[in-house]
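> How does the following fold in three dimensions:
(one chain, ligands or ions: 1)
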Amino acid sequence: MNKKNTWSDRFETSLHPAIAIFNASINFDIELIEYDLNGSIAHAKMLAKTGIISSEEAQQLNVGLEQIRQEYHQGNFNPGVEAEDIHFAVEKRLIEIVGSVGKKLHTGRSRNDQVGTDIRLYLRAEIEAIKTGLHQFQSVLVNLAEQNIETLIPGYTHLQRAQPLSLAHHLMAYVQMTKRDWERLEDVLKRTNISPLGCGALAGTTLPIDRHYSAELLGFEDIYENSLDGVSDRDFAIEFLCAASLIMVHLSRLSEEMILWASEEFNFIKLNDSCATGSSIMPQKKNPDIPELVRGKTGRVFGHLQGLLVIMKGLPLAYNKDLQEDKEGIFDTVKTIKACLEAMTILLSEGIEFNQSRLNSAVAEDFSNATDVADYLTSKGVPFREAYNLVGKVVKTSLAQGKLLKELTLEEWQQINPAFESDIYTAISPKNVVSARNSYGGTGFEQVKMAISRAKSRLQS
Ligand code: ARG
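Prediction:
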């Protein structure tokens, strides 16, 4: 007969070995060890403050827990599946180290409030790390924008040439997206930084604990009002996965653009060797693996969001073991986001070069200045809709003659409408077309400069 372990004397035999493996989370929740130790240290202090254990006992627990931390850092704490999870693994090792006083640590708490505490502490720290990653990514984008205020790039709608843009304006759009990402994380943090410690298994405890004190020691902003909610809430994790999914949406959109831009057809950027890969059989190729991977990894983050939503939707109150399934998706999301932000930051800072001559010629060889002809006529008193139709006709006949708008003679312009004068040529030159869009938030160089300076002062503060 298997020797029993872990559980109370109600159990006579231990788990079937395959079931023990199935049930265990230690293989992945070892990730929480630092937070589990910090949570236990705060809990022990609280037990001493409230007189539930003596301060000498709390001190012994503290020493034992710190020793476990050291053993872990030295690679000497490697609990196996028999420990089930990080909480049991730490408690078991603690008892080995400090003796029977170790058995007092779990007074007035349960693994349910403990795991909730750990995951919140973990996410709180990782959200800060991701915010830093977003900050670095934005700084690189702003730098690149600053170097490219007067570099022009075709702007698209429906992936059809629409109006030329300042390249900086295009890049700054991603700064705005990731600014919202940053703010969203700040907001998620508010609801993550709330302590469930002391909610017990589900109903609180008969012991005179002080939840505010342990929360304060751990730097939580507040404590859960309701113990059932405290042990079973994962809203904050879902919110985090939503915010993470949106970060991936933004990185993936930029990735898609870089992949297009690096193609022979666009040829707007050149990939540098440090951030490009080759083909195993086609020697001429340089592949944009980095943005492709970022685009591809977006799927797993969306999947983790969907996964947790589905885990939560049918759970009766309060804790259910289903909640053990929250962790791997959260851990993987954190790792994925951090890795993607880092890779994209490197790619932008040293992995690409804009092909200036190609960009210059691209904006000069299309009809993306047609709106400006209509605007020109409008400024001369022609109603916009009339001007719009007229220019449509001009584009049609120019296309038929294989001519660009800048190639029409003044006579030809004046035949279309006598309001045209020789300043039409400057009015429709790409640089002018861009710089004239000086409405707030537009691509005009002055606007872009202001946007860059606002972003810089925000990033500095
Ligand atoms: N490993 C568990 C989890 O991740 C810890 C909590 C277990 N609680 C329980 N009542 N079985 O959720």
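
> Pick out the residue of the stretch 351-461 of the chain closest to the ligand.
The ligand sits closest to Leu459 of the stretch 351-461 of the chain, with a gap of 37.7 Å, by C-beta to the nearest ligand atom. (C-beta placed from N, C-alpha, C; glycine too.)

> Correct me if wrong: that residue contacts Phe137.
No. Leu459 is beyond contact range of Phe137, at 10.6 Å (criterion: C-beta atoms under 8 Å).

> the more surrounded of these two?
Phe137 (27 against 15; other C-beta atoms under 10 Å).

> which parts of the helix or strand harbouring that one are buried?
Assigned by DSSP states H and E, Phe137 belongs to helix 111-147. For helix 111-147, a neighbour-count test (16 or more other C-beta atoms under 10 Å) marks 111-124, 126-127, 130, 133-142, 144-146 as buried.

> Ok, stretch 11-30 next?
Buried positions in stretch 11-30, judged by neighbour count with 16+ other C-beta under 10 Å: 14-15, 20, 24-26, 29-30.

> what's the spacing between His169 and Lys449?
Separation of His169 from Lys449 (C-beta to C-beta, to the nearest Å) stands at 10 Å.

> If you count surrounding residues, which of the two has more?
Neighbour count, other C-beta under 10 Å: between His169 and Lys449, His169 has more, with 25 against 15.

> For the more buried one, what is the enclosing helix or strand?
Judged by DSSP H and E, His169 forms part of helix 167-192.

> tell me the angle that helix makes with helix 111-147.
160 degrees (axes from the mean of the first three to the mean of the last three C-alpha atoms, to 10 degrees).

> any idea which helix or strand comes after helix 167-192?
Sequence-wise, the next helix or strand downstream of helix 167-192 (DSSP H and E) is strand 194-195.

> can you give me the helices for the stretch 151-300 of the chain?
167-192, 211-217, 227-232, 235-261, 289-313 (DSSP state H, counting those that start in this stretch).

> What distance do you get for Ile424 to Leu410?
8 Å.

> more neighbours, those two?
Ile424 (19 against 12).

> thinking Thr333 is in contact with His304, fair?
Yes. The pair Thr333 / His304 is scored as a contact, 5.0 Å apart, by C-beta under 8 Å.

> nearest residue to Gly444 other than its sequence neighbours?
Asn438 (3.6 Å; C-beta to C-beta, 6 or more residues apart in numbering).

> do the same with Ser422
Leu410 (5.9 Å).

> Next one, pLDDT for the one you found please.
Leu410 carries a pLDDT score of 94 in this model.

> can you start the count at 2 instead of 1 from here on
With 2 as the first residue, the last one maps to Leu411.

> follow-up on the earlier one: the helix holding His170 packs against which elements?
helix 112-148, strand 153-158, helix 236-262, helix 446-461 (3 or more C-beta pairs under 8 Å, 6 or more residues apart in numbering; DSSP states H and E).

> could I get the buried residues of stretch 12-31 as CSV with secondary structure?
Formatted as CSV, those follow (DSSP: H, G, I helix; E, B strand; the rest coil):
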residue, secondary structure
Ser15, coil
Leu16, coil
Ala21, helix
Ala25, coil
Ser26, coil
Ile27, helix
Asp30, helix
Ile31, helix
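
> need the contact list for Glu147.
Listed by C-beta atoms under 8 Å, 6 or more residues apart in numbering, the contact set of Glu147 reads 169, 453.

> now it: how far from Phe23?
From Glu147 to Phe23 the distance is 55 Å (C-beta to C-beta).

> Need the CA coordinates for stretch 444-457. CSV is fine.
Extracted in CSV, the C-alpha atoms of stretch 444-457 (Å, rounded to 0.1, in the frame of the first residue of the first chain):
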residue,chain,number,x,y,z
THR,A,444,0.9,65.0,-40.6
GLY,A,445,2.1,68.5,-41.2
PHE,A,446,5.7,68.8,-40.0
GLU,A,447,4.8,71.4,-37.4
GLN,A,448,2.2,69.2,-35.9
VAL,A,449,4.5,66.2,-35.9
LYS,A,450,7.3,68.2,-34.2
MET,A,451,4.8,69.2,-31.5
ALA,A,452,3.6,65.6,-31.1
ILE,A,453,7.2,64.5,-30.7
SER,A,454,8.0,67.1,-28.1
ARG,A,455,4.9,66.2,-26.1
ALA,A,456,5.8,62.5,-26.2
LYS,A,457,9.4,63.3,-25.2
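
> which residues sit against it?
139, 143, 146-147, 150-151, 156, 164, 166-167, 169-170, 173, 176, 180, 435-442.

> Relative to the whole chain's centre, how far out is it?
With C-alpha atoms, centre = their mean, to the nearest Å as the basis, stretch 444-457 stands 25 Å off its chain's centre.

> And stretch 431-451, by the same measure?
For stretch 431-451, the distance to the chain centre is 30 Å (C-alpha atoms, centre = their mean).

> Please identify the buried residues of that stretch?
Within stretch 431-451, the residues that qualify as buried are 431-438, 443-446, 448-449, counting by 16+ other C-beta under 10 Å.

> which among the residues you listed are in contact with the ligand?
Of the residues in the buried residues of stretch 431-451, proximity to the ligand by C-beta under 6 Å from any ligand atom holds for none.

> Report the two of those separated the most.
Pro431 and Gln448 (16.6 Å; C-beta to C-beta).

> name the helices or strands packed onto the strand or helix carrying Gln71?
Using DSSP H and E, Gln71 sits in helix 56-74. When contacts are defined as 3+ C-beta pairs under 8 Å, 6+ apart, helix 56-74 sits against helix 34-50, helix 87-99.

> Count the neighbours of the closest residue to the ligand within the stretch 252-401 of the chain for me.
In the stretch 252-401 of the chain, no residue comes nearer to the ligand than Gln325, which is 3.6 Å away by C-beta to the nearest ligand atom. Gln325 sits with 17 neighbouring residues when counted by other C-beta under 10 Å.
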